[in-house]
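J.: Let's see this in three dimensions:
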Amino acid sequence: MSITGPSMMFRLCSSLRQRLIISPMSSMIGKKTNSAVKRPINAFSLFWCSKMEVLPKGKDGLMEASRLWRSMSVAEKEPFLSSSRQSMKEYVKPVETESEVLERNLRILRKKVRKITKERRELLSGRILKRKITPYNVFMGEIWSKGDGSETDIKWRDLSSSQKRQYDKKAQALNEQRDLEYGENPLSKEDEEVYMELPEKLLKAKKEISSLEKLIEGA
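T.: Here you go, the predicted model:
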């Protein structure tokens, strides 16, 4: 008994597939799904396909094919079993594990952090902000540089007056140093708005990285 390759059998049984293999998504007729790959046909169905020209049509043909299949030896069934196994290998792709998904998302976030950091550095290179650096800006800068962005506003409000005065001094020193180094070369209004948004974006990304790292450690 001979049989053609998996691809030939699939072409031969293309119309039969819909009747034999019922997709778990078949109840979602008319709805879009993200699966374009159909399940491969099984060994018995391949055998039935090969006998369709000589077997009666409909239910009688199916019953006769079943009887013949049961009477066949393992060696006689092997070509169909082999063809089915091969088609399964071709159609079934490995699914990402939860850990792999987390690792991939972590790589994306780390790349995002590098991009934001580079953008911030290049945006400010050789220029100064029109607005002065505030004590809160200094505080925020220290927080995001450490990667701890949780409840930033609450932490700032919880600082004592003496602690806030330390940030006042730091902000004043930074403004004086900036003016000396860069002179009259300010950022445009548009660039300044972008620049002021970057620390918050960086904080958010670092918080997400921290959460993912904890999930991966616990996986």
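J.: immediately after whatever helix or strand residue 76 lives in, which helix or strand?
T.: Element membership for residue 76 (DSSP states H and E) is helix 74-91. Of the helices and strands lying after helix 74-91 in sequence (DSSP H and E), the nearest is helix 98-124.
J.: Report the inter-axis angle for the helix ranked longest in the chain versus helix 98-124.
T.: As assigned by DSSP state H, the longest helix anywhere in the chain is helix 189-218. On the basis of axes from the mean of the first three to the mean of the last three CA atoms, to 10 degrees, helix 189-218 is oriented at 160 degrees to helix 98-124.
J.: Averaged pLDDT, helix 189-218. What do you get?
T.: Across helix 189-218, the average pLDDT comes to 81.
J.: elements contacting it?
T.: For helix 189-218, the elements it packs on are helix 98-124, helix 135-146, judged by 3 or more CB pairs under 8 Å, 6 or more residues apart in numbering; DSSP states H and E. Backbone N, C-alpha and C define where each C-beta goes, glycine included.
J.: what residue ranges in this protein are flagged as low confidence?
T.: Applying pLDDT under 70 to the chain flags residues 1-39, 91-96, 126-130, 145-154, 181-187, 219.
J.: how does it divide into domains?
T.: When the chain is parsed with automatic domain parsing, its domains come out as 6-91, 98-218.
J.: now the ones you listed in a markdown table, with mean neighbour count?
T.: Output for these, formatted as a markdown table (neighbours: other CB atoms under 10 Å):
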| stretch | mean neighbour count |
| --- | --- |
| domain 6-91 | 14 |
| domain 98-218 | 14 |
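J.: picking up where we left off before, dump the helices and strands packed on helix 189-218 to a markdown table, plus distance to residue 86.
T.: A markdown table is the format used below for the helices and strands packed on helix 189-218 (distance: least, CB to CB, whole Å):
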| stretch | distance to residue 86 |
| --- | --- |
| helix 98-124 | 26 |
| helix 135-146 | 54 |
